[in-house]
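> based on what follows, work out the 3D shape:
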Amino acid sequence: MNTMKCSFLEIFLILAILLCFGVCNNSLSSSPTDNIDKFSSDFNIKTYGAIGDGKTINTQAINNAVNACASAGGGRVIIPAGTFITGTVHMKSNVSLFLEKGAIIKGISDLDAYHSYVPIADMTKYDNAYNTRWNRALILGVGVTNVAIMGSGTIDGDHVYDSQGEEGMRGPNTILFAESQNLSFSGFTVEKAANYAFMAYEVKNVVYSDLLIMQGWDGIHIRGGKDIIIRNSSLYTGDDAIAGGYWENMEITNCRINSSCNGIRAFMPVENLTVSHCNFFGPGRFPHRTSKRNNMLAAILVQPGSWFISPGGVDKIHIHDVIISDLNNPLMMVLNEGNTGGKILVERMNAVKINAYASSVESWKDGVFNEVIFRDISIEYIGHPNASSSGVSLRQPRTEARNLPCWGLFARNVRSITFENVNIHYTDTDPRPALYFDNVSEIRFNGMQYTGNENREKVVFKNCGVWYVDGLEIKIH
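Predicted structure coming up:
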C-alpha cells in the first residue's frame with residue numbers, strides 16, 4: 001500500500017511540474033491576446049437581451065455584455081449567428097469579441113448612435129485627430145490593452161451615409177482603436193465600411209491576420225503604429241488598401257491587395273517597413289466611392305508630407321517577393337519638406353501591364369535618399385495613351401503618381417542607386433528615354449537591361465556624378 005501511495009504522489013508531483021513548465025513556457029512567447037486567453041468566461045450577447053433578427057437595435061445589450069466581461073476580469077463576448085444591428089460598441093481591456101459562423105454585426109443607420117474617439121494624449125501631428133465627426137466608429141477602443149476581435153463572422157458598416165461627412169457622404173469608421181496596445185484582429189470579414197474599415201491612432205503591438213476587407217474606403221489605416229503585423233489577408237477596397245504613416249517596425253506579408261486607389265500609401269514617415277510575398281493587382285473590384293473609377297493607381301506609394309507637413313525619415317524599407325499587375329504605377333517614393341531618406345531595398349519584384357507611369361525615387365526639398373538598391377526586378381510597361389516628352393514638366397508631385405519625362409524609372413536627389421539584374425521593358429513605342437537621373441551622385445548598373453524606344457536615347461543624366469556598368473567606372477560629363 002505504501003508503494004502505491006508513493007506512486008500516486010510521484011505522479012501528482014510530475015503532473016504539477018509539467019503544468020508549471022507549460023505555463024512558464026507560454027509566458028516566454030506572449031502574443032497580443034495571451035492575457036485574454038487566461039480568462040475562460042464567455043458572455044453571450046443574447047444573455048443580455050440581444051436579438052439577431054436584423055431589425056432590433058442591440059447597442060445597449062452588446063455593451064452590457066462587454067461591460068460584464070470586463071468587470072469579471074476579462075474573457076470572450078460571444079456574437080452568435082444572426083444579424084445584430086447596433087450603434088457604437090465600446091471595447092474594454094482584456095475583452096475578446098468572438099464572432100461565430102453566421103454572426104453579423106451591422107451598423108445602424110442612425111448617425112446619432114455613433115460615438116467618437118476623443119484624444120487623451122497630444123495628437124496634433126495627425127490630421128483630423130480632433131475631428132469628432134471624422135472619428136466616429138461602429139466599434140471603438142480608446143486607451144485599452146489586451147483586446148481581440150476574432151472569429152469567422154462579419155462586421156458590416158452598411159455604407160452608412162452622412163451628407164455632412166467628408167465628401168458629403170462619409171459616415172463612421174467601422175473599427176477604430178487609439179492609444180492602445182496588444183491588439184489582435186483575425187479571421188473575420190469587414191465589408192461596406194462607411195469610411196475606413198480599420199482606423200488607428202498611436203497603437204502598439206498589433207496583429208491583423210486572415211482578414212477579408214471588401215468595399216468602403218481605406219482598408220487598414222494607421223496613424224502612428226509600432227510593432228505592427230498585417231498578414232494573410234485579402235483587401236478589396238474602394239480607396240487605399242493600407243495607408244497612414246509614422247510607422248515603426250511594420251510588416252505586411254502574404255496579402256492580396258486590390259484597390260481603386262493605392263495598394264499601400266504612406267503619407268507620413270516610415271521606418272523599418274517590410275512588404276513581402278504580396279500580390280497587388282488591378283483594376284479595382286469595387287469602384288472608388290467618390291469618383292466611381294476603378295483603375296488602381298500605385299502598388300506602393302511612400303510619400304510623407306503629401307497631405308500635410310510630416311517631419312521625419314523614410315528608412316530601412318525592404319520590399320521583396322512581390323507580384324504587381326494591371327495598374328498605373330508599381331512604386332513611388334518621395335521626400336518632401338522636413339523628410340530624410342535612408343536605405344531602400346527592393347528585390348524580387350515582378351510587375352506586368354503597368355499602364356501609366358514610371359517608377360520613381362525622388363526628393364524635392366533638402367533631404368536626399370542615401371542608398372537605393374533594386375535587385376532581381378522585372379517590370380513590363382504597356383504604355384500611357386498620352387506619353388510624350390513634349391509638355392512633360394519636371395515638378396514636385398502632389399498626392400499621386402504623374403507623367404514623367406521617362407517611361408521606366410526616375411531618380412532625383414539620391415546619393416547612391418544600384419541596379420542588379422534589373423529588366424524593364426516597354427511593349428509599345430514611346431519617344432521618352434527609359435531612365436532619367438537628376439542629381440544622383442553614384443549609379444551602378446550590374447546586369448541592367450532596358451528595352452523599348454530603340455530610336456531615342458535611353459538614359460538621361462542631369463547633374464550626376466559617376467556611374468558604373470558591370471564594375472567599370474564611367475565619368476559623366
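
> okay, CA-based contacts and neighbour counts for the rest of this
Noted.

> now do the helices in the chain.
For the chain, applying DSSP state H gives helices covering 2-28, 34-37, 59-71.

> any low-confidence regions in the protein?
1-40, 385-391, 452-456, 472-477 (pLDDT under 70).

> what residues go with each domain of it?
30-232, 240-477 (automatic domain parsing).

> any chance of JSON lines for those domains, columns mean neighbour count?
Formatted as JSON lines, these follow (neighbours: other Cα atoms under 10 Å):
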{"stretch": "domain 30-232", "mean neighbour count": "21"}
{"stretch": "domain 240-477", "mean neighbour count": "20"}
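
> and the spatially most central residue of the chain, what does it touch?
Nearest to the geometric centre of the chain sits Ile242, at 2.8 Å (Cα atoms, centre = their mean). Neighbouring residues of Ile242 by Cα atoms under 8 Å, 6 or more residues apart in numbering: Asp218, Gly219, Ile220, His221, Gly263, Ile264, Arg265.

> same thing with Leu176?
Tyr117, Asn135, Ala137, Leu138, Ile139, Leu140, Gly141, Phe198, Met199, Ala200.

> ok, now with 6 Å
Counting by Cα atoms under 6 Å, 6 or more residues apart in numbering, Leu176 touches Ala137, Leu140, Phe198, Met199, Ala200.

> ok, the second one to Thr174 distance?
Taking Cα to Cα, to the nearest Å as the measure, Leu140 and Thr174 are separated by 8 Å.

> same question for the third one.
In this view, Phe198 and Thr174 are 6 Å apart by Cα to Cα.

> please apply the same query to the last one.
Using Cα to Cα, Ala200 is found at 11 Å from Thr174.

> try the first one
Taking Cα to Cα as the measure, Ala137 and Thr174 are separated by 5 Å.

> hang on, Ile222 packs against Ala197?
No. With contact defined as Cα atoms under 6 Å, Ile222 does not count as touching Ala197 (11.0 Å).

> thinking again about what came up before, looking at the contacts of Leu176, which is nearest Val160?
The shortest gap between Val160 and any of these belongs to Ala137, at 11.1 Å (Cα to Cα).

> who does that closest one form a beta bridge with?
His115, Asn173 (DSSP bridges).

> wait, doesn't it sit right on Pro172?
Yes. Counting by Cα under 6 Å, Ala137 does reach Pro172; the two are 4.9 Å apart.

> can you give me the strands for the stretch 351-477 of the chain?
Ranges of strands in the stretch 351-477 of the chain, per DSSP state E, counting those that start in this stretch, are 359-363, 369-381, 409-426, 435-451, 459-462, 466-469, 472-475.

> quick check: which of these is nearest to Asn350?
The nearest among the strands of the stretch 351-477 of the chain, by Cα to Cα, is strand 369-381 at 4.9 Å.

> how much does the closest one deviate in direction from strand 359-363?
160 degrees (axes from the mean of the first three to the mean of the last three Cα atoms, to 10 degrees).

> could you spell out the sheet neighbours of strand 369-381, each with its direction?
Here strand 369-381 is paired, per DSSP bridges, with strand 339-354 (parallel), strand 409-426 (parallel).

> export those strands as CSV, with columns for distance to His288.
Formatted as CSV, these follow (distance: least, Cα to Cα, whole Å):
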stretch, distance to His288
strand 339-354, 19
strand 409-426, 27
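
> if we ignore the residues flanking it in sequence, what's nearest Gly238?
His288 (4.3 Å; Cα to Cα, 6 or more residues apart in numbering).

> residues in contact with the one you found?
Going by Cα under 6 Å, 6+ apart, His288 touches Gly238, Asp239, Ser260, Asn294.

> please report the distance of the second one from Gly284.
Note on Asp239: its distance to Gly284, by Cα to Cα, is 9 Å.

> and the third one, by the same measure?
Going from Ser260 to Gly284 by Cα to Cα gives 4 Å.

> who touches both of these two?
Asn294, Asn295, Met296.

> Thr154 contacts Ile104, correct?
Yes. The criterion here is Cα under 6 Å, and Thr154 meets it with Ile104 at 4.8 Å.
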